[in-house]
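*Asks:* Need coordinates for the below:
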Amino acid sequence: MYLDFLLQISKLLKASSDLSRGVNMAMILLQEYFEIRNTMLFIRDSVTNKYFIELAPELSEEEKNLWNQKLSERFPISKLHYEMVLSPEELANYQLPNFSNVAGKAGSIVLHPLYGQDRSLPLGIFYGWLPDHPKNQDKLKIIGLLASMIALSLEAHGLNTDTVYQVSTDQTPMILDGVVGVSGVMKKTAAMVKKVAPSRATVLIRGESGTGKELIARAIHKHSLRHNAPFISINCAALSDNLLESELFGHEQGAFTGAVRSRKGRFELADGGTLFLDEIGDTSLEFQTKLLRVLQEGQFERLGSSKTSCVDVRIICATNVNLEHAISTGTFREDLFYRLNVIALEVPPLRERREDIPLLLQYFLEQLNEEYQKNIQLSQENVETLKYQDWPGNIRELENAIHAAFLMENDGILRIKPQAGKIEQPQHSDKIITLHPQSKSPHLSVKHEEVEAIQKALSRNRGIQLRAAEDLGISLRQLRYRIKKYNIPVRKIQT
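*Replies:* The predicted structure is shown next:
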C-alpha cells in the first residue's frame, strides 16, 4: 500500500503542469490511503517570513481567506521549524486552523516542514490530522517523504529561486518575459522581481511613464505560485470614482442607472491570482479610503449589495507620482501608502539604461518586420545618435518613434529623427535617481543638469548630504566634489 501510494504521488507531481493541482490531489490521496484528514499546505512568504495557507482541500475559499487574514497578523515563524506532533489542545498555542469534524476524536495534529536543498527556513509546512492508530509511525514516515517530494517540486517550479534567466542567444536578450535588456540596472530589477515573486506581499512599482511597469507586474505574477490564476489589470486614472468602484468591486442589478444585470468586479475576477492597479497615485482620497478597507480586511461589498465577499488576491500597484510629495500635500493617504509600499520596486528610465537602446530598437524593428512582412534595416549611425537621446517618454516613446519611422521608410533603411525638443524631465516626476554626465546630446547642458539634480536631491532630503548622495546614486565624496566644483552656495546645504 505504501509503495503504491508513493508511486501515484510521484507520477502526479511529475506529470502535472499545474503544481497546485498536483499537490492538492496528493493531499486528497493521503486522506484516501491513510485516513489523514484536514490536510493543508502552508507556503512561506519570503518577504514577511510568515506562513500562509496555499492549499486546503477541506477548507472553503472563504474560510481559507479568513484564516490567512488572521495569520498575517500573528503566527510566529520560529515555532514551526521542525517536525511536530501536537495534541488538539496544544493547537491553540500556535493559532492555527482547527476543524469541528474531528472534535472529540482521538488523534493528533502533524506539522512537517518542507525543506529545500539549503535547509535554511522551510519553503512550506504540511499540516494534517492523524487519527490514533498503532501504525502511526509508518504514516509519519510517509508524510515526511511526501513533504520532501513536494519541496523538490516547489523548487523545480521556481519557488525561492533568485536567478535571472535569459533566452537563447539567437534571440533578443531578455531578462524577464517581454523585458529586453542587458544593462546592470535592469539585471538588478529582474533579480528583485524573481526574489519577491513567490511572496504574497503587496508590491509598489515606481517609475516614469512608459518605462514598462505593467510588464514588470506581469513578470512578478508569472514567477509566482499564482501564475496559473488570473492576472487582472486596471488603469485607475482612466475612470471616475464611481466607475472605478464598480469595476473593482462589481455591482448588483439595479445598483445604478444602466446596471441591467449583476457583474463581478476585478477583485472577484482576480481571485486566487494577481490584481494590478496602475496609476494608483492618481486616485481620489475617497476611493483610497475604500481601497484601504479591502486591503486591511480582505473584504468588500458589490455596489448595491450588503453581502460581504472575501477574495484571495495579491495586489501590485504602479505609479509615476511622487507619493511622498502627494502625502505632504494631502492628496494621498499616508496609511494607504504604507499598506501598498511593502515591497518597493523602482523601474529605471531609459536614459539610465542606454546600453539597452540598441537592443530595444532591434526588438521593435523585428516585430514590425514580422507584422508587415518586410526586411527593413536600421543604420548603425542612427543607433548611436538615438542612444544618447533622453527619451522622456521612455520605452513607449521609443517604440512609437520606431513605428512612425517604419511607416515612412522608402529605401529599406529605417531612419529615426532625433527628438531634439524632448530632453527635459517629465513635469509629473520630480525624482531623479542618478546623474548622467555621459549624455552627448548637444541640446543638454551637463553642468546645468548636474546642478539641478543636486539641488533637488538636497531639497528632497532636507539638506542631508549623505541621503542626497544615496538618492543620486553616487558616493558622498563625489557629491561634495560636485558641490565644490559647481560652487553651489553653502547656505543651501544644511549639514
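*Asks:* Please compute how far the host helix or strand of residue 381 lies from its chain's middle.
*Replies:* Assignment of secondary structure by DSSP states H and E places residue 381 within helix 380-387. How far helix 380-387 lies from its chain's middle: 34 Å, per C-alpha atoms, centre = their mean, to the nearest Å.
*Asks:* who touches stretch 198-205?
*Replies:* Identification of contacts with stretch 198-205 by C-beta atoms under 8 Å, 6 or more residues apart in numbering yields 43, 45-48, 52, 158-160, 196, 213, 216-217, 220, 223-225, 280, 295, 314-319, 339-347. C-beta here means a position set from N, CA and C on the backbone, and glycine is covered the same way.
*Asks:* so of these, which ones are in helices?
*Replies:* Here DSSP state H is the test, and those give 196, 213, 216, 217, 220, 295, 339, 340 as lying in helices.
*Asks:* By neighbour count, which of these wins?
*Replies:* residue 220 (28 neighbours; other C-beta atoms under 10 Å).
*Asks:* Need the per-residue pLDDT for the residue lying closest to that one once chain neighbours are set aside.
*Replies:* Nearest residue to residue 220 in three dimensions, chain neighbours excluded: residue 197, at 5.0 Å (C-beta to C-beta, 6 or more residues apart in numbering). Note on residue 197: pLDDT of 89.
*Asks:* For the helix holding residue 381, name the packing helices and strands.
*Replies:* helix 357-372 (3 or more C-beta pairs under 8 Å, 6 or more residues apart in numbering; DSSP states H and E).
*Asks:* Give me the mean pLDDT for the following helix or strand past the helix it packs on.
*Replies:* Using DSSP H and E, the helix or strand that follows helix 357-372 towards the C-terminus is strand 377-378. For strand 377-378, mean pLDDT is 86.
*Asks:* Given strand 377-378, what are its sheet partners and their directions?
*Replies:* Taking DSSP bridges as the criterion, strand 377-378 forms sheet pairs with strand 413-414 (parallel).
*Asks:* Could you pull up the residues touching residue 249?
*Replies:* If a contact means C-beta under 8 Å, 6+ apart, then residue 249 has 265, 267, 290, 294, 300, 301, 302, 303 as its contacts.
*Asks:* Can you verify my assumption that the last one contacts residue 246?
*Replies:* Yes. Taking C-beta atoms under 8 Å as the definition, residue 303 is a contact partner of residue 246 at 5.6 Å.
*Asks:* in what helix or strand does the residue of the chain positioned farthest from its centre lie?
*Replies:* Distance to the chain centre peaks in the chain at residue 134, reaching 47.3 Å (criterion: C-alpha atoms, centre = their mean). Using DSSP H and E, residue 134 sits within no helix or strand.
*Asks:* Let me know the average pLDDT across the longest helix along the chain.
*Replies:* Identified as the longest helix of the chain according to DSSP H is helix 136-156. Mean per-residue pLDDT for helix 136-156: 83.
*Asks:* Tell me which strands the helix or strand just after that helix pairs with, and in which orientation.
*Replies:* Sequence-wise, the next helix or strand downstream of helix 136-156 (DSSP H and E) is strand 174-176. For strand 174-176, the paired strands and their directions (DSSP bridges) are strand 179-180 (antiparallel).
*Asks:* follow-up on the earlier one: need the max-distance pair from the contacts of residue 249.
*Replies:* The span of those, defined through C-beta to C-beta, is set by 294 and 303 at 13.5 Å.
*Asks:* Looking at these two, which has the bigger crowd around it?
*Replies:* The neighbour count for residue 294 versus residue 303, taken as other C-beta under 10 Å, is higher for residue 294 (20 against 17).
*Asks:* isn't residue 331 right up against residue 287?
*Replies:* No. With contact defined as C-beta under 8 Å, residue 331 does not count as touching residue 287 (12.0 Å).
*Asks:* Neighbour count for these two, which is higher?
*Replies:* Each of residue 331 and residue 287 has its neighbours counted (other C-beta under 10 Å); residue 287 has more, 19 against 16.
*Asks:* how far away is the spatially closest residue to residue 321 that is not a sequence neighbour from residue 254?
*Replies:* Excluding its sequence neighbours, the residue lying closest to residue 321 (C-beta to C-beta, 6+ apart) is residue 281, at 3.0 Å. Counting by C-beta to C-beta, to the nearest Å, the gap from residue 281 to residue 254 is 33 Å.
*Asks:* Name the residues of stretch 286-303 that are buried.
*Replies:* 287, 288, 290, 291, 292, 294, 298, 300, 302, 303 (16 or more other C-beta atoms under 10 Å).
*Asks:* if we can go back for a sec, for the ones in helices among the contacts of stretch 198-205, which one is nearest residue 241?
*Replies:* Out of the ones in helices among the contacts of stretch 198-205, the member with the shortest distance to residue 241 (by C-beta to C-beta) is residue 295, at 17.3 Å.
*Asks:* so what's the closest one up against?
*Replies:* So residue 295 contacts 202, 315, 336, 339, 340 (C-beta under 8 Å, 6+ apart).
*Asks:* Let's see that with 10 Å instead.
*Replies:* 202, 313, 315, 335, 336, 339, 340 (C-beta atoms under 10 Å, 6 or more residues apart in numbering).
*Asks:* So among those, which ones count as buried?
*Replies:* Buried members of the contacts of residue 295, scored by 16+ other C-beta under 10 Å, are 202, 313, 315, 336, 339, 340.
*Asks:* Helix or strand with the lowest mean pLDDT in this protein?
*Replies:* Lowest on mean pLDDT, DSSP states H and E among the helices and strands of the chain sits strand 84-86, with a mean of 70.
*Asks:* Each with direction, which strands does the next helix or strand after that strand pair with?
*Replies:* Proceeding N to C from strand 84-86, the next assigned helix or strand is strand 107-114, under DSSP H and E. Looking at strand 107-114 with DSSP bridges, its partner strands are strand 84-86 (antiparallel), strand 124-131 (antiparallel).
*Asks:* Just give me the lowest mean pLDDT stretch among the ones you listed.
*Replies:* Taking the mean pLDDT of the strands paired with strand 107-114, strand 84-86 comes last: a mean of 70.
*Asks:* Grab the nearest non-local neighbour of residue 37.
*Replies:* Nearest to residue 37 is residue 129, by C-beta to C-beta, 6+ apart, at 4.6 Å.
*Asks:* which residues does that neighbour form a beta bridge with?
*Replies:* Beta bridges link residue 129 to residue 37, residue 109, judged by DSSP bridges.
*Asks:* and residue 110, how many neighbours does it have?
*Replies:* Neighbourhood size, residue 110 [other C-beta under 10 Å]: 22.
*Asks:* Check the offset of stretch 42-55 from the chain's centre.
*Replies:* 15 Å.
*Asks:* Can you give me the buried ones in that stretch?
*Replies:* Neighbour counts over stretch 42-55 (16+ other C-beta under 10 Å) mark 42, 43, 44, 45, 46, 47, 50, 51, 52, 53, 54, 55 as buried.
*Asks:* Only alpha carbons, please: show that stretch as PDB.
*Replies:* Extracted in PDB, the C-alpha atoms of stretch 42-55 (Å, rounded to 0.1, in the frame of the first residue of the first chain):
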ATOM      1  CA  PHE A  42       1.400  26.400   4.200                       C
ATOM      2  CA  ILE A  43       3.800  28.300   2.000                       C
ATOM      3  CA  ARG A  44       6.400  30.700   3.400                       C
ATOM      4  CA  ASP A  45       6.200  34.300   2.300                       C
ATOM      5  CA  SER A  46       9.800  35.200   1.600                       C
ATOM      6  CA  VAL A  47       9.400  38.800   2.500                       C
ATOM      7  CA  THR A  48       7.300  38.800   5.700                       C
ATOM      8  CA  ASN A  49       8.700  35.400   6.800                       C
ATOM      9  CA  LYS A  50       5.200  34.200   7.700                       C
ATOM     10  CA  TYR A  51       3.400  31.100   6.500                       C
ATOM     11  CA  PHE A  52       0.000  31.300   4.700                       C
ATOM     12  CA  ILE A  53      -2.400  28.600   3.600                       C
ATOM     13  CA  GLU A  54      -1.900  27.900  -0.100                       C
ATOM     14  CA  LEU A  55      -3.900  24.700  -0.400                       C
END
